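Student: Turn this into a structure:
(2 chains)
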Amino acid sequence: MHYALKAVLSCYVALSLLGFAGAAPAQQNSPLHPDPMMTPGAVLPVTKEDICVPGYSKKVRNVPVSVKRKVYAAYGITSYKSGEYEIDHLISLQLGGSNSVKNLWPQSYLTQPWNAHVKDALENRLHSEVCKGNIDLATAQHEIATDWIAAYQKYFHTQLPLAKGSSRSHNNRRVPVSATAASFDTGGKVWVNLKSGKYFRPGSRYYGKTKQGEYLTESEAQAQGYVAAGGH
Amino acid sequence: METKNLARNQKLTSLIKGRTITGTSTADPVLTVQFNDGSVMTIQTDGSTLTIADGGTVAAVRQADTTLQLEFEDGSTLDIATAEETSCVMLRDSKRVMEYAD
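Tutor: Numbers count the residues shown, from 1 in each chain, chains lettered A, B, ... in the order given. Next comes the predicted model:
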C-alpha cells in the first residue's frame, strides 16, 4: 500500500525535477513538435523492470476515442484524413509514458523528413537502450519529451532520419528516407513485437511491420522472454 | 452523481473480475484497494471522500470521462471520481508486477 502511494507520488516528483512543465523546445510552434504547454509529457509510476517485460505496452489501456477527440480539438485540428495523423504518446508507452492528455499530441505521418514513423524508430531504439542498461529510463523519458528530433539525431548519430532497417553499425553510411525497401538490411535478425511479446522471422507478413518493435537476434529475443509467433 | 454512459473496461474487467476487496485506504488523492489475491489497485481520485465496504467481489469495471465504476456480484455499484479521464488507475499483482495501467 505504502509502496503504491510512494510510486504514484514519485512519478510527479520525477516529472517536476526533470522540468517537463518548463521544457520548451526551440520549435514549439512547429508541427514537428508538440506544444510544450499542452503536452509536456507525463509518465506512469513504472520502473525499468516493468517496461522491459515483453508485452508491457499491452497492459496499458488504449486511449479512449473521446480523449483523442479532445487532443485534436486542443490542437485546433477539426478535420483530417485517415492516415494523416496519429495521437502520439510524446513519451511512448514502452518508455513508461502515460495516457494523460499531457502526454498526447497529434503527430503527422506525412511531414518530411520528420514524422510519426521516424519517432516510432526512436521510441524502439530508446526502449532497447534502456533495457540493455545503456541509458536510464528517466534520461530517455526526458530526452524524448524535450526534443524528440534532437534525441533521434543523438541516438542514431545522424542529422536526417535513416531509412527503416538501416543502421550505421551495418555500413556506417546514412541511407536517406527515400531509399527503397531493397536497401533494408536486418542481418537475419527476428522482429520482436514489443506489445504482444511475440517475434517474427524474415518472410513473415509482420516482419518489421508492427508499430512497436525492434530487430534482435533470435537468441536475444528468446533470452528476453519473447516467443516465436505461430509457435514456429 | 449524474448518470453517464459508462463503457465496460474489458481489459481491467478481465483482470479483476472475481477478486474480492479486502481493504482500502486513502492518502489524498490516492485510493488504494487491496484484493484477496494480494493484488493492489491504486486510483488517483479527485479528492472526494469515499466509503468502500470490504467483501465486495468485482463483477465488472465501467468507465467514462472521470468516472470509474466498480460493479459487484451482488449487483451494487461504486462510482469513483478520478483525477483525470486517463492515467489514474494502476494494478499490480501480489508480487508487485504490473498487471494494468491506464
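
Student: Start from the N-terminal end of chain A and give the helices.
Tutor: A:2-18, A:48-51, A:65-74, A:116-131, A:137-146, A:148-156, A:168-171, A:218-223 (DSSP state H).

Student: Which of the helices or strands spans residue B:13?
Tutor: According to DSSP states H and E, residue B:13 maps onto helix B:10-16.

Student: So what are the structural domains in chain A, by residue number?
Tutor: By the record's domain assignment, chain A is partitioned as A:2-156, A:186-231 (automatic domain parsing).

Student: what's in contact with the helix holding residue B:13?
Tutor: Here helix B:10-16 makes contact (CB atoms under 8 Å, 6 or more residues apart in numbering or on different chains) with A:61-62, B:35, B:39, B:41, B:58, B:60-61, B:89, B:91, B:99-100, B:102. C-betas here are computed from N, CA, C, even on glycine.

Student: so what's the residue most central in space within chain A closest to, chain neighbours aside?
Tutor: What sits nearest the mean C-alpha location of chain A, by CA atoms, centre = their mean, is residue A:123, with 2.6 Å. Sequence neighbours aside, residue A:92 is the residue nearest to residue A:123 in space, at 4.0 Å (criterion: CB to CB, 6 or more residues apart in numbering or on different chains).

Student: Any idea how many residues pack against that neighbour?
Tutor: 26 (other CB atoms under 10 Å in any protein chain shown).

Student: Ok, residue B:49 next?
Tutor: Residue B:49 has 7 neighbours, counted by other CB under 10 Å.

Student: Once you drop chain neighbours, what's closest to it?
Tutor: Spatial nearest neighbour of residue B:49, chain neighbours left out: residue B:26 (7.8 Å); criterion: CB to CB, 6+ apart.

Student: okay, the helix or strand harbouring the one you found in CSV with CA atoms only?
Tutor: Residue B:26 belongs to strand B:21-27 when assigned by DSSP H and E. Output of strand B:21-27 as CSV, limited to C-alpha atoms (Å, rounded to 0.1, in the frame of the first residue of the first chain):
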residue,chain,number,x,y,z
ILE,B,21,-11.9,-6.3,-1.8
THR,B,22,-10.2,-7.0,1.5
GLY,B,23,-9.2,-3.5,2.4
THR,B,24,-9.0,0.1,1.3
SER,B,25,-7.1,3.2,2.3
THR,B,26,-6.9,6.7,1.2
ALA,B,27,-4.0,9.1,1.2
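
Student: what separates whichever helix or strand comes after that strand from the chain centre, distance-wise?
Tutor: Next helix or strand after strand B:21-27 toward the C-terminus (DSSP H and E): strand B:30-35. Distance of strand B:30-35 from its chain centroid, counting by CA atoms, centre = their mean, to the nearest Å, is 8 Å.

Student: next one: stretch A:33-51
Tutor: In terms of CA atoms, centre = their mean, the gap separating the centre of stretch A:33-51 from the centre of its chain is 11 Å.

Student: Just give me the neighbour total for residue A:222.
Tutor: By other CB under 10 Å, the burial measure for residue A:222, its neighbour count, is 15.
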